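Enquirer: here is a sequence with its predicted model. Questions after.
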Amino acid sequence: MAFSYSCAVSTNQFSWNSKYLFTLIIVVLYVGFSHSTDDKTDVSASLESGVDDGSDNSDISSTEQLTKPLVEISVKLKRLEDDSFIEELTFEKLYEQGVRAYDDQLWYSCANKIEKAIKDYRIYKHALSDCRLNCSRGIQTSKLSNLSSNIEDFKTFAKFLKDADCFSRCTDESVSTRPRLTERLENAFEKRTPYQYLQFCYFKLDRLD
């Protein structure tokens, strides 16, 4: 009987201890969760108010100091682009960049720049041809149109002057924004040197692929 009572007491104590331990675990978890939530709330409030509970804000300040000049530069570049101040690349500069890429063995850049240079050079030559054609057909007039002579030799000279003046005025209107074409560069295009560069760059790209 005593043994049975002792077992009953032990069982009751174990049951009570288990309940107490379970309750204690629940309380500890609840308190821990409450503190964690409060800490997150405090951090969020600190971030919103710009205060980091006494922590050092030097990292944030350093980041702002580094990003501020970059933002200012980006804004200035955007304004320049909007105002059309960025110089358009013409075949002169494109060809120069393509040759430089060729020397540096940058085959993709070489092919891209040379292709654009050839295309722009064709546009340039087409504009000159249009000026000559328009002047010869009288579509584009010269301010020397009243220039005339009864002498046959001077008639030919007068026509030459009028055509030259017409062509000069036409090109001033169509290609005046381009840099002056150098003789060396003109000879390079007339000899089709850019096509030789382009062919070699294509060859290198095929080998790379």
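Expert: Happy to help now that I have it. Everything numeric in this text was worked out from a predicted model, so none of it was measured.
Enquirer: quick check: which ranges of the protein have low pLDDT?
Expert: 1-88, 139-158, 207-209 (pLDDT under 70).
Enquirer: what residues are up against Phe189?
Expert: Counting by CB atoms under 8 Å, 6 or more residues apart in numbering, Phe189 makes contact with Phe91, Tyr95, Tyr121. Glycine gets a C-beta too; all of them are placed from N, C-alpha and C.
Enquirer: now the second one: closest residue in space, sequence neighbours ignored.
Expert: Just to be clear, that refers to Tyr95. Taking CB to CB, 6 or more residues apart in numbering as the measure, Tyr95 lies nearest to Ala117, with 4.0 Å between them; neighbours along the chain are not counted.
Enquirer: after the helix or strand hosting Glu173, which helix or strand is next?
Expert: When secondary structure is defined by DSSP states H and E, Glu173 falls within helix 152-174. Past helix 152-174, heading to the C-terminal end, the next element that is a helix or strand (DSSP H and E) is helix 183-190.
Enquirer: sort out which residues of the helix or strand just after that next one are buried, please.
Expert: Moving toward the C-terminus from helix 183-190, the first helix or strand encountered (DSSP H and E) is helix 193-208. If you call a residue buried by 16 or more other CB atoms under 10 Å, then helix 193-208 has these buried ones: Pro194, Tyr197, Leu198, Cys201, Lys204.
Enquirer: give me the contact list for stretch 107-116.
Expert: If you take CB under 8 Å, 6+ apart as the criterion, stretch 107-116 is touched by 89, 91, 94-95, 97-99, 101-102, 194, 197-198, 201-202, 204-205, 208.
Enquirer: can you pull the domain assignment for this structure?
Expert: 1-36, 91-208 (automatic domain parsing).
Enquirer: among the contacts of Phe189, which are in strands?
Expert: Taking DSSP state E, every one of those sits outside strands.
Enquirer: for these, give me CSV that also has distance to Leu185 and neighbour count.
Expert: Converted to CSV, the contacts of Phe189 look like this (distance: CB to CB, whole Å; neighbours: other CB atoms under 10 Å):
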residue, distance to Leu185, neighbour count
Phe91, 8, 25
Tyr95, 7, 23
Tyr121, 9, 21
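Enquirer: for Phe160, state which of those is nearest.
Expert: Of all those, Tyr121 has the smallest distance to Phe160: 27.4 Å, by CB to CB.
Enquirer: that closest one is in contact with Gly98, isn't it?
Expert: No: here Tyr121 lies out of contact with Gly98, judged by CB atoms under 8 Å, at a distance of 11.8 Å.
Enquirer: done for today, thanks.
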